[in-house]
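Peer 1: Next input, structure requested:
(chains A and B)
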Amino acid sequence: MPLNDLVSQELRDKPANITDETGRQTHRRWDSFAHVQLMVAVEDQYSVKFSNSEIEQIQNVGQLRALLRDKGVVA
Amino acid sequence: MVFASYAFAFGFLPIVLSVVLGTSAIGHRTAAKLLLFIASLVFYAWWNPPYLAFLLAILAFNYVIVSWLVTTPPNKRFRRAVMIGGVVANIATLLYFKYWTFLVGQVGAVLHEPLEPLALAMPLGISFIVFQKIALLVDAYSGQIKRLGILEYGLFVSFFPQLISGPIVHHREVIPQFESENSVRYSATGVPVAIAFVVIGAFKKVVIADSFSSHVAAIFDSQSQVGFIAAWEATVSYTLQVYFDFSGYSDMAIGLGLLFGVRLPFNFNSPLKATSPIDYWGRWHITLTRFLTAYIYNPLALRATRRRVALRLPIKRSGVMTPAAFAALLALPTFVTMFVAGAWHGAGYQFMVFGVLHGVYLVANHGWRVLRTREHLDLAPSTASVAACRAATLVAVILAIPFFRAESVSGAWSIVSSMLGVHGLSAGASAFERSFVFLIVAVFIASQVLPNTQEVLHDALERVTSPLAKHPGETSISRGRSWPRIVWRPTIWWACALGAVAWYVILHLARPSEFLYFQF
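Peer 2: Okay, the predicted model is just below:
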């Protein structure tokens, strides 16, 4: 599943509304709880594991995509 | 030494500024940083010189451990044990100084035998100092810190604007600034912005917050029962006092940091305008919320969520979270986090109740979101619904405040029950003179309609600090959402207005009082 679709599913929003700038500061449903749920959903979907500090530092979809790229996943 | 005092404003600060920035200007930046470090130690020792031994001990202990963690490879044996040992030692220090008297007293009460704990003087700002060190140890262990210069480390932990009451800065946002060429250097464009922060912060503390203290104390410290009106007056007064006191302190800290070319993170974003408890904790004491989320809530929630995913237990059904998942993945981590948040503020059951009460608010808020999803009630917010949410949040926050201020749970409950009308709606008229009630109303309206300091000064701050100093999560603060939109500019009119405010503040410095958060 493409990353934007996964994010839209977790945030219950239309995929068209999800961009690389969608993030904790810009999406009203992306709270601390949704953040953890989203990170674990991404881990499960792409078979990767994030450290606590990586999870803490991710602020938006663009950063999440870049982190996945660093781990060898194109999402 | 408090920021809002003659000794600081006309003694310590001008001397330190001229010596440190002067040394830097003649090309000795390392010496300037060393002088700033020494000045910060003097600032800490001012209250009670023996405290300095505590600060130096905790500073040296953590430097040794962090340096070892930074320089050893991730697969080295005992690495995890050393990190845990360091964290435990820091927590033990906090427990010993802050909670020992309370814990011994409770054990004595259980045994029906009064025990005499050692009379311990709590070092100032211990909760802030310890939390910062825990973050440093955990991040050094996880490989986030690549190198650690002793001078930058010393400045990061002791930098006097944030030493006693935060903002709780993260090494990631401060150490690179001290390493850059822009810090500890005079900036002609930065100084006016810094002074604006300091003057506005001082006004909030000295003129607004301190006006409430004696009236609040008269109600909360009296043993007699108060009526409905008096209880609300006193509690709303304390809500305003603690907000203007701590946000005033934070504004001053940001301004003082900026005088030395260091941008500290924002700590408040008009929390009394929050539209939900979740929103409130994103606006109140932001750097504490950030710490608790990163180092307590996230690890707990992550562990529980990963475990549930690994066991293939359901988290959602038809896109809606199951009750079991809600309890395990959200409610429990939230209660634990908020319990720590409450207890962090002081040794006493009332602080724990305060934390758990906010935990209930947050869980109810998340539960409401789940319910809205299930019932497809996700409607676009209207002006009326936003106003209703804001009012409900404010009432919930104010009802929890007595547990934050009273000396005991029973004292807090007495005030809360009066606020709920248990002691009669008409019992006791206004506790305060009419002019003071007008002050409460005026300050309350100001807190609801005026833009906050960050909204006024954010654009200017962006212009005078490097992108390096920008803190994650500050984007939403910058927008001038409040009406009227007031934006500071380097004009003669702003200079005259802030000069007049500064003069008024200086006249009131003769009655110095400590910041409320110093006790934490």
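
Peer 1: ok, B:Leu461 to chain A distance?
Peer 2: 17 Å (Cβ to the nearest Cβ, to the nearest Å). No exception for glycine: its C-beta is placed from N, CA and C like everyone else's.

Peer 1: For chain B, what lies in contact range of chain A?
Peer 2: By Cβ under 8 Å from any Cβ of the partner chain, the residues of chain B that approach chain A are B:138-139, B:142, B:144, B:278, B:293-294, B:297-299, B:301-302, B:305-306, B:309, B:315, B:319, B:329-330, B:366, B:369, B:373, B:378, B:472-473, B:475-476.

Peer 1: Got a ChimeraX select line for the buried ones in those?
Peer 2: The ChimeraX command for the buried members of these (criterion: 16 or more other Cβ atoms under 10 Å in any protein chain shown) is given here:
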select /B:138,139,142,144,278,293,294,297,298,299,301,302,305,306,315,329,330,366,369,373,472,473,475
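
Peer 1: For the stretch 401-520 of chain B, which segments count as helices?
Peer 2: B:409-419, B:434-449, B:453-464, B:492-508 (DSSP state H, counting those that start in this stretch).

Peer 1: helix or strand for A:Lys49, which one?
Peer 2: Assigned by DSSP states H and E, A:Lys49 falls within no helix or strand.

Peer 1: Can you tell me the closest non-neighbouring residue to it?
Peer 2: Nearest-residue entry for A:Lys49: A:Glu43, 5.8 Å, with adjacent residues in sequence omitted and distances by Cβ to Cβ, 6 or more residues apart in numbering or on different chains.

Peer 1: So that neighbour belongs to a helix, correct?
Peer 2: Yes: checked against DSSP: H, G, I helix; E, B strand; the rest coil, A:Glu43 lies within a helix.

Peer 1: Burial check on it, number of neighbours?
Peer 2: A count of nearby residues for A:Glu43, using other Cβ atoms under 10 Å in any protein chain shown, gives 17.

Peer 1: Surely it is in contact with A:Ser51?
Peer 2: No: using Cβ atoms under 8 Å, A:Glu43 is not in contact with A:Ser51, being 11.1 Å away.

Peer 1: Check which helices and strands the helix or strand encompassing B:Met83 sits against.
Peer 2: Using DSSP H and E, B:Met83 falls within helix B:79-94. For helix B:79-94, the packing partners by 3 or more Cβ pairs under 8 Å, 6 or more residues apart in numbering or on different chains; DSSP states H and E come out as helix B:50-71, helix B:126-141.

Peer 1: Contacts only, for B:Arg79.
Peer 2: B:Leu69, B:Thr72, B:Tyr141 (Cβ atoms under 8 Å, 6 or more residues apart in numbering or on different chains).

Peer 1: per-residue confidence at it?
Peer 2: pLDDT for B:Arg79: 92.

Peer 1: Against chain A, how distant is it?
Peer 2: Distance of B:Arg79 to chain A, given as Cβ to the nearest Cβ: 14 Å.

Peer 1: any idea how far that residue lies from B:Val66?
Peer 2: 12 Å (Cβ to Cβ, to the nearest Å).

Peer 1: what comes into contact with the helix or strand bottoming out on mean pLDDT in chain A?
Peer 2: One helix or strand of chain A scores below all others by mean pLDDT, DSSP states H and E: helix A:52-57, with a mean of 88. For helix A:52-57, the surrounding residues in contact (Cβ under 8 Å, 6+ apart) are A:35-36, A:39, A:63, A:67, B:138-139, B:142, B:144, B:293-294, B:298-299, B:302, B:472.

Peer 1: how does it look with 6 Å?
Peer 2: Helix A:52-57 has contacts (Cβ atoms under 6 Å, 6 or more residues apart in numbering or on different chains) with A:Met39, B:Ser142, B:Gln144, B:Ala294, B:Pro299.

Peer 1: Identify the farthest-apart pair in those residues.
Peer 2: Farthest-apart pair in the contacts of helix A:52-57 is A:Met39 and B:Gln144; separation 17.0 Å (Cβ to Cβ).

Peer 1: which residues touch B:Ile129?
Peer 2: Not one residue lies near B:Ile129 by Cβ under 6 Å, 6+ apart.

Peer 1: May I see the helices and strands packed on helix B:79-94 organised as TSV, with distance to B:Ile195 added?
Peer 2: Output for the helices and strands packed on helix B:79-94, formatted as TSV (distance: least, Cβ to Cβ, whole Å):
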stretch	distance to B:Ile195
helix B:50-71	28
helix B:126-141	25
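
Peer 1: about what we covered before: specify which member of the contacts of helix A:52-57 is nearest to B:Leu41.
Peer 2: B:Leu41 has its nearest neighbour among the contacts of helix A:52-57 in B:Gln144, at 26.9 Å by Cβ to Cβ.

Peer 1: How much space separates the closest one from B:Val66?
Peer 2: From B:Gln144 over to B:Val66 (counting by Cβ to Cβ), the distance is 11 Å.

Peer 1: got it, and B:Leu371?
Peer 2: 45 Å.

Peer 1: Where do the helices of chain A begin and end?
Peer 2: Taking DSSP state H as the test, the helices found in chain A are A:3-11, A:32-46, A:52-57, A:61-70.

Peer 1: can you give me how far the last one is from the chain middle?
Peer 2: Put plainly, it is helix A:61-70. Mean C-alpha position of helix A:61-70 versus that of the full chain (Cα atoms, centre = their mean, to the nearest Å) differs by 8 Å.

Peer 1: One more: the longest one?
Peer 2: Using Cα atoms, centre = their mean, the mean C-alpha position of helix A:32-46 is found 7 Å from that of the whole chain.

Peer 1: other SSEs contacting it?
Peer 2: Applying 3 or more Cβ pairs under 6 Å, 6 or more residues apart in numbering or on different chains; DSSP states H and E, one finds that helix A:32-46 makes contact with helix A:3-11, helix B:298-310.

Peer 1: any idea of the angle it forms with helix A:61-70?
Peer 2: 30 degrees (axes from the mean of the first three to the mean of the last three Cα atoms, to 10 degrees).

Peer 1: what is the orientation angle of helix A:32-46 with helix A:3-11?
Peer 2: Using the same axes, to 10 degrees: helix A:32-46 against helix A:3-11 is 140 degrees.

Peer 1: So for helix A:32-46, what gets flagged as buried?
Peer 2: Quick answer for helix A:32-46 (16+ other Cβ under 10 Å): A:32-43, A:45-46.

Peer 1: Fine by me, we can end here.
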